[in-house]
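A.B. asks: predicted structure and sequence below. I'll ask about it afterward.
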Amino acid sequence: MSESPKFERLLRSHVTSVKEDLMTGVSFMIPFVTIGGIFLALAYAVGDTQAVFDNTGSPGWFLAQVGTAGLTIMVPILGAYIAYAIADRPGLAPGFLLSFIIQDGVVVSEAAAVIGVSGGEAGAGYLGAIVAGLLAGYVARWFKGLDVPEFLVPMMPVLIIPVATMAVLTPIMLFVLGVPVALANASLTGFLEGMQGGQAMFVGLILGGMMAFDMGGPVNKVAYVFSTGLITEGIYAPMAAVMIGGMVPPIGLAISNFISPHKYAAEMYENAKSGVVLGLSFITEGAIPYAAADPLRVIPAVVAGSAAGGAASMALNVTMPAPHGGIFVIPLSNKPFIFLGCIVLGSFVTAAVALLLKPDFEDRVEAGTESSAGTAQPSDD
């Protein structure tokens, strides 16, 4: 009878560990995405949108080179730092190189030909980098745990472990995992590029809702990582839906607080002011004080608003090449005013649903469903 809870604990611990490893990779990748996305957007703004890559030597061309370099290198960086999170320094180089090699469409398509499959020209993308990073980390960590003679110990982290990890994983990544991941990546990219109308709206609705559901938790991170990875494929619309979905909750709840302060504890009014700033900065966690105080009413309200904003954004083909920045990167969108309009739409949907669901604060206190303190704010007492 004790086996099941023990297995559940081990599984939960492993899942948590994998999530932390992935987020380490993502956190190191984000600056590269930011630089790449912003410089590429500036290149299109400064140079000829249609021919910026052909006008060699022009300011737009130089900016485009920086942007392309950032978006190209970010994928191996993701794999490298996932492996680093698992195995420390010995995992870094194998994670980088394995992620790098499977981005090369020529190498992957030749590997596909060897095993009798056609395709793979687009490379394995960020999905392949996640697989490569995890495998490199686990294999390097296994080598790291081996009991070796004393004279080999200094050579382990810089020579033996990286080389042995690459020797073990190179054929696996090229001929076993790289090709199917590349084919899956190509299918996903093709689907997202071809989305129109209802399909695009549905994807935006899901991504926006996921961003609001746990406000910075695992569901939020899955949507964010998914959209950030697509920037490397030149697909920017999901990033716009995700950013809008992440900005809406604090702003929408602040609006509802401003409109009907009697539905909230008095001290939440100050939180509403900071919530606007946090929301505009794409910090979804600004809504957490509201959700902590009244989750059953607040979570449906923020999910509804973010889903509405994300769906509208995708339906109107709004794009965002930068992975973070909130209001400060809105000028980089292909339709900045519609981007703002989607935020306003989602925020007012959140405010309307919250006001509809929430009874007056005093009524909740009298009913015993909420304390007079009413908030999750820290106390000075």
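C.D. replies: Yep, it's here. Owing to the predicted nature of the structure, the values given are computational and were not obtained by experimental measurement.
A.B. asks: so Asp294 sits against Lys358, correct?
C.D. replies: Yes: under the criterion of Cβ atoms under 8 Å, Asp294 lies in contact with Lys358, with a separation of 6.8 Å. C-betas here are computed from N, CA, C, even on glycine.
A.B. asks: which SSE is Pro359 in?
C.D. replies: Using DSSP states H and E, Pro359 falls within no helix or strand.
A.B. asks: returning to what we had before: so what sits against both of Asp294 and Lys358?
C.D. replies: Counting by Cβ atoms under 8 Å, 6 or more residues apart in numbering, Asp294 and Lys358 have no contacts in common.
A.B. asks: shaky segments in the stretch 151-300 of the chain?
C.D. replies: 194-197 (pLDDT under 70).
A.B. asks: please save the CA atoms from the helix or strand encompassing Met166 in PDB.
C.D. replies: Following DSSP H and E, the helix or strand that holds Met166 is helix 161-171. Listed in PDB are the C-alpha atoms of helix 161-171, where the atom choice follows Å, rounded to 0.1, in the frame of the first residue of the first chain:
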ATOM      1  CA  ILE A 161      32.600  13.300 -20.200                       C
ATOM      2  CA  PRO A 162      31.900  15.800 -23.100                       C
ATOM      3  CA  VAL A 163      33.600  13.500 -25.700                       C
ATOM      4  CA  ALA A 164      32.000  10.300 -24.400                       C
ATOM      5  CA  THR A 165      28.600  12.000 -24.300                       C
ATOM      6  CA  MET A 166      28.900  13.200 -27.800                       C
ATOM      7  CA  ALA A 167      30.100   9.800 -29.000                       C
ATOM      8  CA  VAL A 168      27.100   8.000 -27.400                       C
ATOM      9  CA  LEU A 169      24.500  10.500 -28.500                       C
ATOM     10  CA  THR A 170      25.500  11.700 -31.900                       C
ATOM     11  CA  PRO A 171      24.200   8.500 -33.700                       C
END
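A.B. asks: contact partners of it?
C.D. replies: The contact list for helix 161-171 (Cβ under 8 Å, 6+ apart) reads 87, 90-91, 93-94, 97-98, 101, 132, 135-136, 139-140, 143-144.
A.B. asks: ok, stretch 59-71 next?
C.D. replies: Stretch 59-71 is contacted by residues 32-44, 46-48, 52-53, 55, 231-232 when judged by Cβ under 8 Å, 6+ apart.
A.B. asks: which of the residues in the helix or strand where Val75 lies are buried?
C.D. replies: For Val75, the host element (DSSP H and E) is helix 59-87. For helix 59-87, the buried set under the neighbour-count rule, 16 or more other Cβ atoms under 10 Å, comprises 60-61, 63-64, 66-67, 70-71, 73-87.
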